[in-house]
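> The sequence and its predicted three-dimensional model are supplied below.
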Amino acid sequence: MKKIFLFFSHRLNDIQEKELMEKWAIDRYIYLPNCLQYKWSNIDPHILEIDISPFTGWIEANSNSEDIFLVQGDFGATFKLVTFLKLKGNTVIYSTTERVCCESPDNNDGVKITHRYKHIQFREY
């Protein structure tokens, strides 16, 4: 069995955990420490150069080449981290989703539109 490091903004749902166990042989989920989770979820859109060294340093200290990484977030930070991990030989995945649109009348003679994202599968970068 393997462990997975989770670089994304929310917790796994039951469907995602089941797929990770069955398809990817994951038995241990490693969420980021709170300080790194905050940084990952709040990449400053006003800066030009994204520093991923806090993440890569933590990865170097806590993982090995057998580990899998789920990486989703800011496009630039994601690109840099995925590149770093692939060069190290790690498997890196992301979640694919299906957007479900629902329309319903609202109280003002209009239409209320909501979107729900449904997890479909994990896919390797």
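Everything's here; your move.

> E98 is in contact with H115, isn't it?
No. Between E98 and H115 there is no contact under Cβ atoms under 8 Å: 10.6 Å. Quick note: C-beta positions are derived from backbone N, CA and C, even for glycine.

> Check which residues of the biggest helix by length in the chain are buried.
Secondary structure of the chain per DSSP state H: the longest helix is helix 75-88. The neighbour-count check on helix 75-88 (16 or more other Cβ atoms under 10 Å) flags 77-78, 80-82, 84-85, 88 as buried.

> Now do the strand or helix carrying S95: everything it contacts.
Counting by DSSP states H and E, the element that carries S95 is strand 91-105. Residues from elsewhere that reach strand 91-105 (Cβ atoms under 8 Å, 6 or more residues apart in numbering): 8, 16, 24, 68-72, 82, 85-86, 111-125.

> Pairing partners for that strand, with directions?
Next to strand 91-105 in the sheet, as set by DSSP bridges, lie strand 68-71 (parallel), strand 111-124 (antiparallel).
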